[in-house]
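**Q** fold the following and give me the result.
(one chain, ligands or ions: 1)
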Amino acid sequence: MTCKDCGKDINHHQHKESIGSLGVQLCERHTRLIKKVILDNNTPVDAIHLFYALKEAGVHPMLEWWDGKKSVDIAISRVKLNIEIDKNYNMITHEQAINDLEDAMHSFKNGFTTIRIPHLAIKYYLDETVENILGIISGLKANIKAI
Ligand SMILES: [Zn+2]
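**A** Prediction:
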């Protein structure tokens, strides 16, 4: 068994520990680092799952990337793609809704594309979610080439 982040060998206890708390196979150091990221940014655990699934798919995602104004759940800088995980669609307030749209507008003006993914898509359709993001990445790459 190896850490999904650094590839270091981990023992059975560490495997149980990391899967139990984060749902991802990680070494002691990376379990600690990810837990700190979650604590500092209130990162949904689904973002962690998507982050490692994208890594495994050969993408180079960044977790909790600071765009100068706010922290983005996952960013793929090569194609200027920001991914935000929606924690709870039903709980969104009207202020939040318009703020989200405004944020998306600002990042779009700066050349960034923002997509929002409901956490349920990650929870139940992780593979399909990754597939779709890969499609978006190749679409963005084609657009970059066209310019
Ligand atoms: Zn590690």
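**Q** how about Ser71, nearest residue that isn't a chain neighbour?
**A** Glu64 (4.9 Å; Cβ to Cβ, 6 or more residues apart in numbering). All C-beta spots, glycine's among them, are computed from the backbone N, C-alpha and C.
**Q** checking that neighbour next. Helix, strand or coil?
**A** At Glu64 the chain is in strand, as set by DSSP: H, G, I helix; E, B strand; the rest coil.
**Q** what number of residues lie near it?
**A** 17 (other Cβ atoms under 10 Å).
**Q** elements contacting the helix or strand bottoming out on mean pLDDT in the chain?
**A** Counting by mean pLDDT, DSSP states H and E, the chain has its least confident helix or strand at helix 94-109, which shows a mean of 87. Here helix 94-109 touches strand 113-118, going by 3 or more Cβ pairs under 8 Å, 6 or more residues apart in numbering; DSSP states H and E.
**Q** at 10 Å instead, please
**A** strand 81-86, strand 113-118 (3 or more Cβ pairs under 10 Å, 6 or more residues apart in numbering; DSSP states H and E).
**Q** most packed of these?
**A** Among those, the stretch with the highest mean neighbour count (mean count of other Cβ atoms under 10 Å) is strand 81-86, at a mean of 21.
**Q** quick one on the thing from earlier: quick one: the residue nearest to Ser71 and Asp40 touch, right?
**A** Yes. Judged on Cβ atoms under 10 Å, Glu64 makes contact with Asp40 at a distance of 7.6 Å.
**Q** joint contacts of these two?
**A** By Cβ atoms under 10 Å, 6 or more residues apart in numbering, Glu64 and Asp40 have these common neighbours: Ser71.
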